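Student: Could you work out the structure for the sequence below:
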Amino acid sequence: QVQLVESGGGLVQAGGSLRLSCAASGRAFSRNAMGWFRQAPGKEREFVSYISWSGGSIYYADSVKGRFTISRDNAKNTVYLQMNSLKPEDTAVYYCAAGAIARIYAALRDRYEYWGQGTQVTVSS
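Tutor: Numbers count the residues shown, from 1 in each chain. The predicted model follows:
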């Protein structure tokens, strides 16, 4: 069992940065791949980024590539999402998720077994 708690969201101006954290409880954290998803009002939850259990495989949605960086610290049971050059269209609730998932399935939200409660990111123009 893995429980996930996101933090670090907030209000930022366009062009600014935020760093999201996802703290996990449970001894199985290091054996799980982690993903970040987001959901804007009226839209479906969409894939943002993925990192394998070892950190050796990383994948980004095209919309955030070059601006967002995912990382993890297995000793701290935490995964991070550094978000730079934020745009108003990045405004959404951001969720972290965990599961035993190969990179090929990274963008498929139904593959993830555990989800956090989400943290709001708002980017003003």
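Student: Quickly note the distance from the most centrally placed residue in the chain to residue 122.
Tutor: Compute the mean C-alpha point of the chain, and by Cα atoms, centre = their mean the closest residue is residue 36, 2.2 Å away. In this structure, residue 36 and residue 122 are separated by 17 Å, where distance is defined by Cβ to Cβ, to the nearest Å. In this view, the C-beta of every residue, glycine as well, is placed from N, C-alpha and C.
Student: Then residue 106?
Tutor: Between residue 106 and residue 122 the computed distance is 26 Å (Cβ to Cβ).
Student: These two: who's more crowded?
Tutor: Looking at residue 106 and residue 122 with other Cβ atoms under 10 Å, you find the greater number of neighbours at residue 106, namely 24 against 15.
Student: Tell me who's in contact with that one.
Tutor: Contacts for residue 106 were tallied using Cβ atoms under 8 Å, 6 or more residues apart in numbering; they are 33, 35, 47, 50, 59.
Student: Please report phi then psi for residue 54.
Tutor: phi -90, psi -10 (degrees, to the nearest 10).
Student: now the protein, which segments are flagged as low pLDDT?
Tutor: 27 (pLDDT under 70).
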